[in-house]
Every structure is written in C-alpha cells, then in structure tokens.
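Participant: Just need the structure, nothing else, for what follows:
(one chain, ligands or ions: 1)
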Amino acid sequence: RQLIVPRDRSLPPEVFHWIPIIGSAISYGNDPLKFLFECREKYGDVFTFTLLGRKVTVALGPKGNNFVLGGKSTAFSAAEAYTHLTTPVFGKDVVFDVPNEVFMEQKKFVKVGLSTENFREYLHMFEQEVDDFMRNDEAFIIWQMNDINEWGRFDVTDIMAQITILTASRTLQGKEVRSGLDKSFSELYHDLDGGFTPLNFMFADLPLESYRRRDEAHKKMSQYYTDIIRKRRKAGYTEESDMISALMDQTYRDGRPLRDHEIAHIMIALLMAGQHTSSATGSWTLLHLASNIGVQDALYQEQVDYFGNPDGTFRPMTYEAFRKLTVLDSVIRETLRLHPPIHSIMRYVRSDVPVPATLAAPSENGTYVIPKGYYVLASAAVSQVDPLIWPSPRKWDPTRWCDPEGVAMQASKTYADEHGEKIDYGFGAVSKGTESPYIPFGAGRHRCIGEQFAYLQLGTVITTIIRKVELRLGDGITDVPGHNYHTMVTMPKKPRDICYRRRKLAET
Ligand code: HEM
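Facilitator: The predicted structure follows:
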C-alpha cells in the first residue's frame, strides 16, 4: 500500500539497517533486550525496525505497554499478528480463528474451569506427580538411593519440561491425557510443538517436513481429544475436576453448547500456552535458588514453618496456607521479572494510529503516526529491567517484593487488584494494569488467564523439590546461565545443570 502521511504527521524514527527485508532480524532475534535498549538510546521510546519484511514499531516503558496492550481492538489486532502461527497448531474455530468477541467468551469458559474448587484438588495432584517423578526418574537416582552425602545432577530444563507436562495433564488436561503421556500423546505433542517455533511465527507456510508433521499431528491430536469427549459422553459423563469437563458444560451467549472440536482445540491451545511458559519459569527459578543459598534456605524454612512436623517430615499443603507463602510468591515474581517467558508482545495495526505526545514528543514534522499494515511491539523484558524504574534492575532479589512502598510492589499493585477474591476479570473490557512496567502475563484484553494456575503449579513443583533436596549450580557453572532467545519462549542457555543432594531430615 502506498504510504501517504499527512503533512502535520510523521513516521516514527526508523532503525538503520544494511540488508533490505531482513532488516534488524538478526540483532533482534539474537538478543532482543540488547537490541531494544540500544535503539532506545538512539531513538527514544518509540521507533520502527524491519523484521523480515515487516515494519515493527516498538513502544517502550509503562506508557508504551499501555499504548500497545490497552489499545482498541479496532486499531491493534492480536489475531492478525498471531493467527498464522496459532491456527495450524490449535485448530479451527477457537482463539484467533474466531472473531474477538467469541474468543473472549471462550476465555470466560476456561476461567470457569480454573476455579478455586478445582485448584484445591490440583494442589495435591501436583505434589503427588512431582513426588512420583522424583521416585522414578533416573535423574533423581541419588535421591532415590537415600544417600545424603553424594550429589546428583540434572539438566534443569529437561526435568522441568517433563514435570510441567505431567502436572498439567494430571490436572487441567485430565486423566486420559495423563495416561496417554507414556505412549501416543507424547509423540503427537512433540510434533505439534515442532510447529510452534519462531520460524512458524515468521513464515506461515513453508514446504518443510516440520510443517507437514505439525499438520498431521494437529489432526491426530484433535481426534485424540474428540475421542475422549465422546467416550465420556457415552459412559454417561462423570464430572471431573479437569478442563474438558468444565468446557463440556458451557454454552455461548446464544445458548449453543461448545462443539466437540472446539473443546478439543481449546484444550490444545491451553496445552501449548502453558507448557513452555511454565517450564521455562520453573527452570529459571530453580537455577536462581541453586545459585542463592540464602533464599533457598528461606524458602525451605517457610515450608518448615507452615507445614513441618518435628521429625522432619511435612504435612500436605492446603490451598489457603499456600496463598500465604510470601517467600515463595516473591521468588516466582522476581524470576518472572528477570525472565518473562514472552519477551515481546505484538499486534497488527489495522488503521493508522497516532502516537500520544505523552509517549513520544511530536517531531518537528508533527505527531508520529503508525500506519496501517505495521506491527506494534511492547516488551515486558525491557520494562521489567528498566534502570529508570527499578533499583539494581538486573539483580535477582526477591526481597524487593516485600517492601509495600517499594517500586516492585507499586508496579504489581494491579496484580493484587486483579487477583483479590472480589475482582471480576471483566473479559471483553480492557482491564486495569496496562500501564504497569511489570507485565509478565501481559495486560488488557489479551491478558493471560493461566496466571493463577501457573503460580499454583510452579509453587507446588518448586516447594516439593526443595523439601526433599538441596540445590547448587552444576560443577563449573559459576552463575545463572544467559538467555536463549531462539526458542518461542526465553529459555536458559546450556549448560544449565543443577546438582542436588538429599536433605538430611527429608522423608523417604
Ligand atoms: C496469554 C504469559 C501460563 C493461557 C498470555 C500472555 C502472556 C502470557 C504474556 C499475553 C499474550 C498477548 O497479549 O499477546 C504466561 C506466562 C505463563 C503463562 C508467563 C506462566 C508462567 C499460562 C497457562 C495457561 C495460559 C498455564 C493455560 C492454562 C493463556 C491464554 C492467554 C494467555 C488462554 C490468552 C491469549 C489472548 O487472549 O490472546 N500468557 N502465560 N497461560 N495465556 Fe498465558
């Protein structure tokens, strides 16, 4: 489209690049944080860069987050930014393959399944899954041998990927998926996941084997869930505490129940949305605990204080007590501050949008305008370590979350607002909090609905491990590893081994 910019308006400054089309793809792709901070030095909070033929206008800082995430859906579209990535994996008639109002209804259905009542049951299922995993997986052989002197070792991301899928399938996904994990389901998941990569985000379709396998896996996975739904109906349908059960009970505003394939595709979407995000967060958390013995001890002590028996064993957690664990809460929050799994959130620009003067002062040629056809980008990874906002921004320091007047608590004030028992998420309405610098779960209409589930899952997984073993960084690893930005969510670079030793008093 021919770009016509009115005389009193101008395009945001553009990042210089040598190679047409490719633009800044390599610098941004290798280290988005470094790239975005360097561009901010040169161009300010709003600038445009070229990403494999796309024009992407970045809006940084809390005001930038607000601009992108609080923008009207008539101006900024998540669907048009992501559907080529998500629809082949999730499937038809859900998420970005339906009009936004329908997706918002679907999010509401999911919210019904993420109830406190279900969470109470999930807590014990999580504990049990981790316990079983540690008893049976080879990585924990030293622990299993009941040896309190020798150290064992594991690759943290390998372990967390397995624990995350085991715990999510035992709870949200349901018993059929959990039992299929040992067999057919795992392979399908693996192939589908191979189609959910940055390459798939950049190129809708390529004649590659991984694209073919993705499509094949999607069909089979969709059938897998549809079979579960049909079998449950045929068996007279017993109510379970899982998401399939919750979705089978829901109806759209016009009274129509969800069709089987819609339920199947929502289940796939939830599987994909929660797997890497939670497993990455769990990995980073364990790495930080392994490198910070003081915090690790405090976390262990918190478990002893709340749930410890005099003989060194532990009572099972209760949901109510779990919500009071401030050390655990701060540890997860701080990890998500330094390592938000999704570093950039993008939207497609549907109509020319002026940039407010409060975000970027107009140039001598007038107000900046972002033209239709561009993309906009907000970055949690930048605003969460912005030295203009956070004291010692790159330091992992969970105690910053304990000061009610501190920057961290102020930044996440909206978290408390949105998560208090009384608060209604108000789907469809732009929720509060889009102007926060702390947005690991996004903000606004597309905000994450899995946050509380993820906190419960991560919290239980981490404490169940910490109750049983002490952790240290693997031999030769002197610090928490750097970020690997080449995967869909930000993962720790290899080597990322953790050494563990059985706690002296831990139960057998
Ligand atoms: C959306 C992060 C876990 C389901 C989002 C968004 C972020 C995010 C940043 C907003 C994306 C955007 O605006 O484009 C995370 C993190 C997680 C996590 C950091 C774990 C630590 C989960 C889990 C589930 C889930 C466990 C499912 C149970 C969703 C859904 C959306 C979403 C359905 C809505 C997408 C939309 O409305 O466009 N998540 N997520 N997430 N997440 Fe999560």
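Participant: contacts and neighbour counts: CA atoms only from here.
Facilitator: OK.
Participant: what about the strand or helix carrying residue 279, average pLDDT?
Facilitator: Assigned by DSSP states H and E, residue 279 belongs to helix 260-291. On average, the pLDDT along helix 260-291 is 97.
Participant: Stretch 12-32 now?
Facilitator: Throughout stretch 12-32, pLDDT has a mean value of 94.
Participant: Can you point out the buried residues in stretch 25-42?
Facilitator: The neighbour-count check on stretch 25-42 (16 or more other CA atoms under 10 Å) flags 25, 28, 29, 32, 33, 36, 37, 39, 40 as buried.
Participant: Just the ones of those residues in strands?
Facilitator: Mapping these onto strands (DSSP state E) picks out no residues; all lie outside.
Participant: What distance do you get for the residue positioned nearest the centre of the chain to residue 221?
Facilitator: Nearest to the geometric centre of the chain sits residue 277, at 3.5 Å (CA atoms, centre = their mean). Here the criterion is CA to CA, to the nearest Å. By it, residue 277 lies 21 Å from residue 221.
Participant: cool, and residue 245?
Facilitator: 18 Å.
Participant: Settle it for me: which of these two has more neighbours?
Facilitator: More crowded of residue 245 and residue 221, by other CA atoms under 10 Å: residue 221, with 25 against 20.
Participant: where's the nearest residue to the more buried one once chain neighbours are set aside relative to the ligand, distance?
Facilitator: The spatially closest residue to residue 221, leaving aside those adjacent along the chain, is residue 188, at 6.5 Å (CA to CA, 6 or more residues apart in numbering). Counting by CA to the nearest ligand atom, to the nearest Å, the gap from residue 188 to the ligand is 19 Å.
Participant: do the same with residue 316
Facilitator: 23 Å.
Participant: Near that residue, how many other residues are there?
Facilitator: 13.
Participant: Doesn't it lie inside a strand?
Facilitator: No: Residue 316 is assigned coil when assessed by DSSP: H, G, I helix; E, B strand; the rest coil, not a strand.
Participant: buried ones in the helix holding residue 279?
Facilitator: Buried residues in helix 260-291, counted by 16+ other CA under 10 Å: 260-272, 274-291.
Participant: how about residue 471, secondary structure?
Facilitator: Per three-state DSSP, residue 471 ends up strand.
Participant: Helix or strand: which one has the residue nearest to residue 221?
Facilitator: Using DSSP H and E, residue 188 falls in helix 184-193.
Participant: who touches the residue of the stretch 251-400 of the chain found nearest the ligand in this structure?
Facilitator: In the stretch 251-400 of the chain, the residue that lies nearest the ligand is residue 274 (3.5 Å; CA to the nearest ligand atom). Contacts of residue 274 were listed using CA atoms under 8 Å, 6 or more residues apart in numbering, and they are 450, 454.
Participant: Roughly how far does it sit from residue 156?
Facilitator: Between residue 274 and residue 156 the distance is 18 Å, computed by CA to CA.
Participant: what pLDDT does residue 422 get?
Facilitator: The predicted local confidence for residue 422 is 34.
Participant: Residue 255 - how many residues pack around it?
Facilitator: Neighbour count for residue 255, taken as other CA under 10 Å: 8.
Participant: Tell me the secondary structure of it, please.
Facilitator: Note that with three-state DSSP, the state of residue 255 is coil.
Participant: in the protein, which spans are strands?
Facilitator: According to DSSP E, the strands that the chain contains are 9-10, 46-51, 54-59, 76-77, 152-155, 345-349, 353-354, 367-370, 375-378, 469-473, 483-484, 491-492, 497-502.
Participant: show me the contacts for the nearest residue to residue 440 once chain neighbours are set aside.
Facilitator: Closest residue in space to residue 440, ignoring its immediate chain neighbours: residue 340 at 5.2 Å, by CA to CA, 6+ apart. Neighbour list for residue 340: 281, 380, 381, 440, 490 [criterion: CA under 8 Å, 6+ apart].
Participant: can I get these in TSV with distance to the ligand?
Facilitator: Shown next, in TSV, are these (distance: CA to the nearest ligand atom, whole Å):
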residue	distance to the ligand
281	6
380	8
381	10
440	5
490	10
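Participant: most neighbours, which of those residues?
Facilitator: residue 380 (30 neighbours).
Participant: my read: that residue touches residue 440, true?
Facilitator: Yes: Residue 380 lies in contact with residue 440 (CA atoms under 8 Å); the separation is 6.1 Å.
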